[in-house]
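1. dropping the sequence and predicted coords here.
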Amino acid sequence: MQDHQFDFVVDGTPEEVWDVVWKRMRSGIKTDTVTIEIYHQGDDEGNGLVRHCDFPVPKYLLSNGKAQSWEWITEAKRPVSWRYDAIGKPLWSRASGWTRLEDLGGGKTRVYFRETYEAFNPVMRALLEKRVHHFISKDNDRLIEASIVASLRRVHERKGQLPST
């Protein structure tokens, strides 16, 4: 099983971070390489949100470099934390991800992220799991942080507030 963790600090309260993340999470995403469709919005906090994702994987998986996953939010508690569980293919696998927001005071929040990933087949797990997970998530740390920072900056600019530096 692969286990990846990272954290970073942003200029924004946990409520602001929650709002910018969940606004995007509930609307889906379409880029040149990734598509996330929302099938069910879930409740007010996001519990029960269901999404379908298309994303790139290594071509040696013989899926034309494309993968998909079905993900659902299983534990969301505004503005503290949320968890998702997922099933993906190819390299039939399961993943879980946790995000926790820690109020540092002074309008700053530490964002903690953890994801586990495991291929179902023990042979594929031994041969490919680590390489595939690295391929899938190699840019996630940078992209997640950059997205939250940019979204918070836009919120603060609209409010006429610039975060402290």
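-> Okay, I see it. None of the values given here were measured: they were computed from a predicted structure.

2. how close does Trp82 sit to Gly12?
-> 16 Å (Cβ to Cβ, to the nearest Å). From N, CA and C alone the C-beta is placed, and that goes for glycine too.

3. what's the answer for Arg94, then?
-> 32 Å.

4. count of neighbours near Asp32?
-> Using other Cβ atoms under 10 Å, Asp32 has 6 neighbouring residues.

5. of Arg94 and Gly12, which one has the most company?
-> Comparing Arg94 with Gly12 by other Cβ under 10 Å, the one with more neighbours is Gly12, at 24 against 15.

6. over to Asp43. Which of the three states is it?
-> coil (DSSP: H, G, I helix; E, B strand; the rest coil).

7. can you count the residues close to it?
-> Asp43 has 11 nearby residues by other Cβ under 10 Å.

8. need the pLDDT of it.
-> Per-residue confidence (pLDDT) for Asp43: 94.

9. Thr165 too?
-> Thr165 is given a pLDDT of 52.

10. start at 34, not 1
-> OK, 34 is where the count begins now, so the last one is Thr198.

11. the helix or strand containing Thr142: which residues count as buried?
-> Assigned by DSSP states H and E, Thr142 belongs to strand 141-152. Buried positions in strand 141-152, judged by neighbour count with 16 or more other Cβ atoms under 10 Å: 141-142, 144, 146, 148-150, 152.

12. got it, and stretch 175-188?
-> 177-178, 181-182, 184-186, 188.

13. can you pull out the strands in this structure?
-> Here the chain has its strands, by DSSP state E, at 35-44, 62-63, 68-73, 83-89, 99-110, 114-122, 126-138, 141-152.

14. in a markdown table, list the ones you listed along with distance to Arg164.
-> Output for the strands of the chain, formatted as a markdown table (distance: least, Cβ to Cβ, whole Å):
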| stretch | distance to Arg164 |
| --- | --- |
| strand 35-44 | 10 |
| strand 62-63 | 25 |
| strand 68-73 | 23 |
| strand 83-89 | 14 |
| strand 99-110 | 14 |
| strand 114-122 | 15 |
| strand 126-138 | 13 |
| strand 141-152 | 11 |
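
15. return the member of these having the minimum mean pLDDT.
-> Among the strands of the chain, strand 62-63 scores lowest, with a mean of 88.
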